[in-house]
Structures are given as C-alpha cells and as structure tokens.
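Engineer: fold the stuff below for me.
(one chain, ligands or ions: 1)
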Amino acid sequence: MMTLAVMTNDLVKDFNGIKAVNQLNLRVPEGAIYGFLGPNGSGKTTTLKMLTGMTQPTSGTIEVLGEPMLFGKQKIQDNIGFLPDVPGFYDWMTAHKFLMFCGELFHIPTPILKDRVKSLLKTVGLSKSAKKKIGTFSRGMKQRLGIAQTLINEPKVIFLDEPVSALDPQGRKEVIDIIQNLKGKVTVFFSTHILSDVERICDRVVIINEGMILLEDTIENIKAMSDTRDIEIESDNATIQALNEMIKEERFITNIDLNHQIMTLTVDDLDVARLHLNKVIHENKIMIKKMMIKEPTLEDIYMKVVKQI
Ligand SMILES: Nc1ncnc2c1ncn2[C@@H]1O[C@H](COP(=O)(O)OP(=O)(O)OP(=O)(O)O)[C@@H](O)[C@H]1O
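Structural biologist: Got it, this is the predicted structure:
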C-alpha cells in the first residue's frame with residue numbers, strides 16, 4: 001500500500017462565511033515532489049498553514065506522516081519543515097549563525113548541528129557565503145537559505161509556499177535544482193503558479209480553485225487526459241497563405257491560427273489530419289520547413305481547467 005506523507009479528509013477553512021478551503025481531500029505519497037497549484041486567492045497559503053499546524057481547520061481532518069494533526073497539541077513540527085511565502089530572516093546574522101540558531105531551537109546537540117549546518121550550506125550552494133550577513137543576500141540566496149532552514153531538523157516532509165515566485169529565472173533555476181536534488185530524501189509539498197517548474201520536477205500535481213480540487217494526478221496522466229492536439233506547420237509567408245486556402249474548409253480542422261510563417265491547426269482527429277495534410281503537401285509540391293504535433297503543455301491544461309469554473 002502507498003504510504004502517505006499527507007492526507008486530508010474534507011478539510012475546510014471558513015473565514016466569516018467565505019470558504020478559503022472547501023472539502024479538500026489530499027493524498028500526498030511519501031517521497032513525492034508534489035506541486036500544489038492554483039491561481040491567486042485559491043486557498044494555497046491557507047491550506048499550507050493548516051497542514052503545518054499554524055491555522056486551525058474549521059472542519060475536516062489532517063494526517064501528516066500517519067499522525068493525526070491535533071491542533072495546539074501536535075508534535076508534528078518536529079518532523080516537518082516549512083518555508084513561508086515571505087520568510088523572515090535576521091539580516092545581521094550570517095547564514096551559518098542563522099542555521100545554528102534554528103538548529104538550537106530543536107535542541108540538536110552542537111557537534112551534530114555543526115556538521116549538519118555545513119552539509120546543508122553545501123546542499124543549497126551557500127558554503128562560500130556562510131560567513132556573510134543575510135542582509136547582503138539576494139532573494140534567491142535567501143530562498144535557498146530558507147530551504148536549508150526547513151531541513152535543519154531532518155524532516156520527512158517539507159512544505160514550501162511559493163518558493164520560486166519572486167525570483168528571476170536564474171534564481172528560480174537554482175532553487176528548482178535544489179528541490180529536484182531532494183527527491184528521494186524528503187517529501188516536498190510546494191505551492192506555485194509557475195507551471196514550467198512544476199512540469200520539470202513534480203511527480204504529482206493538484207490544481208485547486210476556490211478551495212476545491214479541480215484536478216489531481218501525475219503530470220503524464222494529466223497531459224494524456226487532454227484530447228486537444230495541435231499541428232504546427234512552418235514555411236514562408238506565401239506558402240502558408242496558399243496552404244491555408246487549400247485546407248481551410250476541411251472538416252477535421254476546428255481552428256486555424258495564422259502567424260506569419262507559422263500555421264497552427266487544432267484538429268479533432270490527429271490521424272486523419274496528418275494523412276490528409278501529407279497528401280495535400282505532397283500532391284501540390286508544397287515546401288514546408290517543419291510540421292510537428294504540439295503536445296499540450298501543463299499551462300494549456302491549467303488554463304482550461306481553471307477557466308471552466
Ligand atoms: N485571515 C484571513 N481572514 C479572512 N480571509 C482570509 C484570511 N486568509 C485568507 N483569506 C481569504 O481566503 C482566500 C484564500 O486565500 P489564500 O491566501 O489561502 O490563497 P492563495 O492561493 O495562497 O493566494 P495567493 O497566491 O494570492 O497567496 C482568499 O479569498 C483570501 O482573501
């Protein structure tokens with residue numbers, strides 16, 4: 001049986017009649033890199049706060065690592081790590097001092113803690129900046145330090161609230177690479193709205209809106225589920241126009257999008273479309289640079305599911 005790192009049953013958080021989280025049933029397998037997606041205000045932060053024991057649910061239950069979350073009494077914080085969306089640091093502390101300080105809060109014996117801090121600084125690529133003040137750090141460096149802090153107590157699961165959203169592409173890549181390297185060592189539950197990152201590293205994804213689940217599955221299954229397939233054809237402008245005239249009345253085409261040298265066809269039957277297009281291109285001796293089938297991206301699917309509501 002699959003071991004679950006996080007399980008919620010009918011989780012609800014009501015703020016004066018507004019259900020920020022509404023009957024949420026999450027199943028996060030142990031060891032997964034789990035992407036928690038949703039537009040602004042969909043309930044991600046509220047969920048994360050409940051999962052980490054900081055906010056009391058209105059109703060429903062939470063189990064983390066098989067232990068029921070008993071609000072106010074739980075020891076669960078010893079076994080989890082949490083990086084809030086806007087982490088706070090003492091700017092005057094060095095990275096090394098900060099991690100030592102965090103470890104002391106867990107009463108980790110000093111010799112063990114020293115080794116752990118050293119190894120964590122290496123994991124997040126901050127060994128060379130260990131003695132620098134946090135106030136001089138870039139956002140990306142702070143976020144990496146934040147990830148090291150979530151790992152200080154050797155948790156089995158860490159929760160990261162939008163860890164990459166405020167970072168530039170370089171900073172994002174560094175943080176995403178670190179998360180990817182944690183695979184197999186710790187369960188990572190992270191919220192984000194940057195879909196390309198999710199696509200690259202997540203095993204499973206859940207998309208929520210208005211506190212409810214719209215979709216929950218592996219990335220492959222989510223992509224396979226989408227039945228829309230586009231065909232992209234590239235040539236010079238005139239050829240594209242000519243081809244458009246030849247095929248625009250075909251019944252298998254549901255939409256044609258022309259963008260100078262690129263024509264994108266949305267079709268209802270990919271096989272019929274390919275056969276017919278090949279025939280037209282061959283018979284009319286049309287020179288094309290490229291014809292390819294565009295797989296739907298997670299972003300296409302996300303936009304579709306979120307818009308349905
Ligand atoms: N303390 C609170 N009191 C009242 N309403 C709240 C409170 N916290 C959140 N909400 C409401 O709950 C809903 C969900 O908010 P939440 O911050 O969980 O969403 P989110 O998905 O994390 O959004 P974002 O990506 O913008 O941070 C919103 O409508 C928000 O206004």
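
Engineer: what's the burial count for R204?
Structural biologist: 19 (other Cβ atoms under 10 Å). In this view, the C-beta of every residue, glycine as well, is placed from N, C-alpha and C.

Engineer: quick one: contacts for it?
Structural biologist: 28-29, 32, 34-35, 216-219 (Cβ atoms under 8 Å, 6 or more residues apart in numbering).

Engineer: can you list which of those residues are found in strands?
Structural biologist: With strands taken from DSSP state E, the overlap with those comprises 28-29, 34-35, 216-218.

Engineer: got a ChimeraX select line for the buried ones in these?
Structural biologist: To isolate the buried members of these in ChimeraX, using 16 or more other Cβ atoms under 10 Å:
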select :28,34,35,216
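
Engineer: from the ones in strands among the contacts of R204, pick the one nearest the ligand.
Structural biologist: Checking those against the ligand with Cβ to the nearest ligand atom, the nearest one is G35 at 13.4 Å.

Engineer: for that closest one, give its distance to I201.
Structural biologist: 8 Å (Cβ to Cβ, to the nearest Å).

Engineer: could you do S165 as well?
Structural biologist: S165 is 15 Å from I201, by Cβ to Cβ.

Engineer: out of the two, which sits in the busier spot?
Structural biologist: Counted by other Cβ under 10 Å, S165 and I201 do not tie: I201 has more neighbours, with 18 against 14.

Engineer: that older thread, okay, the ones in strands among the contacts of R204 in a markdown table with pLDDT next?
Structural biologist: Formatted as a markdown table, the ones in strands among the contacts of R204 follow (pLDDT from 0 to 100):
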| residue | pLDDT |
| --- | --- |
| V28 | 94 |
| P29 | 93 |
| Y34 | 95 |
| G35 | 94 |
| E216 | 90 |
| D217 | 89 |
| T218 | 88 |
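
Engineer: which member of the ones in strands among the contacts of R204 is positioned nearest Q261?
Structural biologist: G35 (34.8 Å; Cβ to Cβ).

Engineer: the closest one contacts L215, correct?
Structural biologist: No - with contacts counted by Cβ atoms under 8 Å, G35 stays clear of L215, the gap being 11.3 Å.

Engineer: need the residues touching each of these two.
Structural biologist: 205-206.

Engineer: what helix or strand is I158 located in?
Structural biologist: strand 157-161 (DSSP states H and E).

Engineer: any idea which helix or strand comes after that strand?
Structural biologist: Using DSSP H and E, the first helix or strand after strand 157-161 is helix 169-181.

Engineer: so for that next one, what gets flagged as buried?
Structural biologist: Under 16+ other Cβ under 10 Å, the buried positions of helix 169-181 are 171-172, 174-176, 178-179.

Engineer: one more: stretch 93-111?
Structural biologist: 94-100, 102-103, 108.
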